[in-house]
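A.B. asks: Quick check, what structure comes out for this input:
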Amino acid sequence: MLLGERIDLRTRLAGDILARNPLTVAVPGGGVAVLFRYGAVVLFDVPAAAQDQFLARLLALTGNRYEKPETEVIAVTIDPSIREGMQGDVVLFATMSVERLQIVASVLSKSVTLAMYESRVAQDFDRIEPLARDLERHGRISGKSSAMLKHIGAMLLTEQVMVGRVEISEKPDTLWDHPDLEALFLRMEGEFEIRERYAALEHKLNLISRTVHTLVELLHSKRSLRLEWSIVILIVIEIMLTLYTMFTHVP
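C.D. replies: Residues are numbered from 1 along each chain as shown. Below is the predicted model of the structure:
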């Protein structure tokens with residue numbers, strides 16, 4: 001689940017800490033939770049009642065909570081005879097370990113984060129398209145530069161979150177201590193198309209940013225042209241007044 005923009009992990013949560021980086025805790029009442037500071041939490045085998053209580057405490061530590069959290073659900077199967085990876089919506093483990101849960105949680109947390117920003121970017125495309133059509137059909141655009149600047153700010157914030165907080169393109173720290181799990185991570189990352197989705201989203205963000213930047217420049221040029229005409233008109237009026245004063249004072 002992607003609950004909000006940030007979870008304060010400095011506050012002590014109920015339940016024993018099983019591992020850190022990412023923070024992994026045993027949920028009171030059963031199950032395991034893996035938490036990420038960029039607002040995501042991944043729950044494994046947590047009963048409904050325990051989940052409600054745990055999320056209630058967690059939401060109190062979540063900044064800028066989303067009205068409708070982004071969610072994703074998968075199944076986990078443990079079988080020593082199988083090759084670890086994914087089959088459909090099922091993750092296959094050869095054995096259970098906290099490190100394996102952290103790998104799965106890392107991929108899932110990135111997936112729900114990408115899903116949320118993919119939806120936001122699609123909405124931004126819908127907002128910008130009418131402006132581009134106005135420019136194509138009429139050679140001018142309607143709207144204010146302040147609204148355009150807000151769009152640019154939103155795009156920059158999205159990139160900052162994905163690159164700075166979520167680190168979409170980075171491998172989880174768990175692999176530094178457990179390189180034997182890299183194959184599992186790569187299979188899951190490929191199954192959820194994390195890198196491909198990130199590259200596509202980054203391309204869309206760049207396209208929106210360039211489009212909005214171009215529209216803002218056009219608005220500024222339009223405003224500068226109006227200002228220049230205003231200055232010309234004022235100069236003409238001043239000249240006319242000067243001439244009028246000269247001719248009216250001629251003896």
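
A.B. asks: Leaving out the residues flanking it, which one is nearest to F192?
C.D. replies: For F192, ignoring the flanking residues on the chain, the nearest one in space by CB to CB, 6 or more residues apart in numbering is S111 at 4.7 Å. Bear in mind the C-beta positions are built from the backbone N, C-alpha and C, glycine included.

A.B. asks: same question but for R187, I mixed them up
C.D. replies: Spatially, and ignoring its direct neighbours in sequence, R187 is nearest to G85 (3.8 Å; CB to CB, 6+ apart).

A.B. asks: quick one, phi/psi of the one you found?
C.D. replies: In terms of degrees, to the nearest 10, the main-chain angles of G85 are phi 160, psi -140.

A.B. asks: what do you get for L92?
C.D. replies: Reported as degrees, to the nearest 10, the phi and psi values for L92 are phi -110, psi 120.

A.B. asks: Next one, pLDDT for it please.
C.D. replies: The pLDDT attached to L92 in the predicted structure is 90.

A.B. asks: That one is in contact with I74, isn't it?
C.D. replies: No. Between L92 and I74 no contact is recorded; they are 11.0 Å apart, counting by CB atoms under 8 Å.

A.B. asks: Pairing partners for the lengthiest strand in the chain, with directions?
C.D. replies: With DSSP state E setting the assignment, residue counts place strand 62-70 as the longest strand in the chain. Strands that pair with strand 62-70, judged by DSSP bridges, come out as strand 2-7 (antiparallel).

A.B. asks: Identify the residues contacting the spatially closest residue to M116 that is not a sequence neighbour.
C.D. replies: Taking CB to CB, 6+ apart as the measure, M116 lies nearest to E70, with 4.4 Å between them; neighbours along the chain are not counted. Contacts of E70 were listed using CB atoms under 8 Å, 6 or more residues apart in numbering, and they are 1-2, 112-113, 115-116.

A.B. asks: same check, this time on K171
C.D. replies: With contacts taken as CB under 8 Å, 6+ apart, K171 has the following neighbours: 182, 185.

A.B. asks: Secondary structure class of it, three-state.
C.D. replies: Under the three-state scheme (DSSP: H, G, I helix; E, B strand; the rest coil), K171 adopts coil.

A.B. asks: so what pLDDT did it get?
C.D. replies: At K171, the pLDDT recorded in the model is 85.

A.B. asks: Can you tell me how far it is from M188?
C.D. replies: Using CB to CB, to the nearest Å, one obtains 12 Å as the distance from K171 to M188.

A.B. asks: Overlap in contacts, these two.
C.D. replies: Common neighbours of K171 and M188 (criterion: CB under 8 Å, 6+ apart): none identified.

A.B. asks: what's the helix or strand following the longest strand of the chain in contact with?
C.D. replies: Later in the chain than strand 62-70, the nearest helix or strand by DSSP states H and E is strand 75-78. Strand 75-78 is touched from outside by 44-45, 89-96, 104, with contacts defined as CB under 8 Å, 6+ apart.

A.B. asks: partner strands of strand 75-78, parallel or antiparallel?
C.D. replies: Partner strands for strand 75-78, per DSSP bridges, with pairing direction: strand 90-93 (parallel).
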